[in-house]
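1. Following is a predicted model, sequence given first.
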Amino acid sequence: MRSNSRRHELLASASYIVEHLGMEKLTLEAVAKHAGVSKGGLLHHFPNKEAIVTAMIEEFGDTFLSELQQKSSESIDEAGKWSRAYIETTFHDPKTTAALSTALLAVLFSKPELLAAYNKKNNVLQADILNDGIAPVNAAIIKLATDGLWFSEIFGVGMLDEDLRKQVEERLMKMSFEAK
């Protein structure tokens, strides 16, 4: 179990570096130093930078999707449950979304072909949202608006003040209850 814990710590360190220092600073040495392990200890888990980036998108993508699955299964109202889970996770789970954001950035700037595997999972999620029992146009607007807000926050452009952000969330949630 310690091995999985160490692996997760290494990925968290890689995520921290990408988020706070930039992708160009993501090196094996930097990850090992930030995680407080030897380079050999890092190489035991990840033989190269590509392996770290691959593991980031796989683990953080799966964590994000797992959070959505859990939230959608907790919903009392069946219609719109995937849309509401997506809104709730994206708006209120900064740890999960930040990890996925840094993984997406790492992939985009180092190994864009890895986006294809994540995109397959995202397409399944998109289908779940579009077939959520609410008007498909509302479901698409919810997904696109939530993604747009998330991406604007990742890149720090077009950001909303807290009050307007809350109003947007409330409007999207309201749309998630509008039946077909």
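-> Now that the structure is in, tell me what you want to look at.
2. which strands and helices sit next to the longest helix along the chain?
-> When the chain is parsed with DSSP state H, its longest helix is helix 49-73. Helix 49-73 sits against helix 2-21, helix 28-35, helix 81-92, helix 94-110, helix 115-130, with contacts defined as 3 or more CB pairs under 8 Å, 6 or more residues apart in numbering; DSSP states H and E. In short, each C-beta sits where N, CA and C put it, glycine included.
3. Export these as JSON lines, with columns for mean neighbour count and mean pLDDT.
-> Shown next, in JSON lines, are those (neighbours: other CB atoms under 10 Å; pLDDT from 0 to 100):
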{"stretch": "helix 2-21", "mean neighbour count": "17", "mean pLDDT": "90"}
{"stretch": "helix 28-35", "mean neighbour count": "18", "mean pLDDT": "96"}
{"stretch": "helix 81-92", "mean neighbour count": "23", "mean pLDDT": "95"}
{"stretch": "helix 94-110", "mean neighbour count": "19", "mean pLDDT": "91"}
{"stretch": "helix 115-130", "mean neighbour count": "15", "mean pLDDT": "91"}
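4. Throw those helices into CSV and include distance to residue 151, thanks.
-> Putting these into CSV (distance: least, CB to CB, whole Å) gives the following:
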stretch, distance to residue 151
helix 2-21, 15
helix 28-35, 25
helix 81-92, 10
helix 94-110, 9
helix 115-130, 13
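5. which stretch among these comes nearest residue 53?
-> helix 94-110 (4.7 Å; CB to CB).
6. who does the closest one touch, helix- and strand-wise?
-> helix 2-21, helix 49-73, helix 81-92, helix 115-130, helix 136-155.
7. Include distance to residue 33 when you put the ones you listed into JSON lines, please.
-> JSON lines is the format used below for the helices and strands packed on helix 94-110 (distance: least, CB to CB, whole Å):
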{"stretch": "helix 2-21", "distance to residue 33": "8"}
{"stretch": "helix 49-73", "distance to residue 33": "14"}
{"stretch": "helix 81-92", "distance to residue 33": "32"}
{"stretch": "helix 115-130", "distance to residue 33": "28"}
{"stretch": "helix 136-155", "distance to residue 33": "25"}
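8. I'd like to know which of the ones you listed is closest to residue 98.
-> helix 2-21 (6.5 Å).
9. any idea of the angle that closest one forms with helix 136-155?
-> Orientation of helix 2-21 against helix 136-155 (axes from the mean of the first three to the mean of the last three CA atoms, to 10 degrees) gives an angle of 80 degrees.
10. Report the mean confidence score over the longest helix of the chain.
-> Mean per-residue pLDDT for helix 49-73: 94.
11. quick one on the thing from earlier: with residue 62 as the reference, name the closest of the helices and strands packed on helix 49-73.
-> helix 115-130 (7.8 Å).
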